[in-house]
Each structure stands twice: as C-alpha cells, then as structure tokens.
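**Student:** 3D, please:
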Amino acid sequence: MSMKRTNVYADPEDLAIIKEAAQRRGISEAEIIRQGIHLAAMANRVWEEPLFSRTFKGTGRTSGRSEVRNTVADAVHRESESGSAA
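**Tutor:** Residues are numbered from 1 along each chain as shown. Next up is the predicted model:
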C-alpha cells in the first residue's frame, strides 16, 4: 500500500499516550497514528448501501428477543434450503 506524508498538530498529552502505547505494543508511534486515522476515517464514512438492506415480515409491533431470533433463524434456514447466498 502506498502511503502519503502529512503533518498534523496533536495535543502533547495525546502524543505521550501514543508513545507509551507504541512502546507497550512494540510498534512505532506512526503505526498507532495510522491506526487511529483509519478508525476515524471508517467511523465517519458514508456508505452507499444501508448496513441492513434485508427486511423481514413482521407484525408491526416491537418483537421480543426470542421472536427476533426465531424469525432470523427461519429466514437463514429458508435461504440455505434455496441455495441463495446471504
């Protein structure tokens, strides 16, 4: 993967925490910062498709835990019988 250099301003306390974490984990401070940038980027990403695009038939009321579990299990079972991928 190609990387690009950039400069950022950081709070000295945050840099001290990064330094300590890098030493403890045996990796570079830059790697800690890269991981943090990646997490921040993914947390703020806008996806084109919703996370849950499939819907299930329901009663129009809030379902209990066991009812949700059973509905999902039934749907998975039906899909596996028909050979379609989830």
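**Student:** grab the nearest non-local neighbour of L15.
**Tutor:** Excluding the flanking residues, the one nearest L15 by CB to CB, 6 or more residues apart in numbering is E29, at 7.9 Å. Placement of C-beta: from N, CA and C, glycine included.
**Student:** my guess is the one you found meets K19, correct?
**Tutor:** Yes. Proximity of E29 to K19 meets the contact threshold set by CB atoms under 8 Å, at 5.8 Å.
**Student:** picking that back up, what's the residue nearest to L15 in contact with, if anything?
**Tutor:** Neighbour list for E29: L15, I18, K19, A22 [criterion: CB atoms under 8 Å, 6 or more residues apart in numbering].
**Student:** 7 Å - rerun?
**Tutor:** I18, K19, A22 (CB atoms under 7 Å, 6 or more residues apart in numbering).
**Student:** which of those fall in helices?
**Tutor:** Secondary structure from DSSP state H places I18, K19, A22 of the contacts of E29 in helices.
**Student:** top of these by neighbour count?
**Tutor:** I18 (18 neighbours; other CB atoms under 10 Å).
**Student:** now that residue: how far from V72?
**Tutor:** Separation of I18 from V72 (CB to CB, to the nearest Å): 41 Å.
**Student:** so what does whichever helix in the chain runs longest touch, helix or strand wise?
**Tutor:** In the chain, assigned by DSSP H, the helix with the most residues is helix 65-82. Contacts defined by 3 or more CB pairs under 7 Å, 6 or more residues apart in numbering; DSSP states H and E place helix 65-82 against no helix or strand at all.
**Student:** for it, the distance to its chain's centre please.
**Tutor:** Remark: helix 65-82 is offset 24 Å from the chain centroid, using CA atoms, centre = their mean, to the nearest Å.
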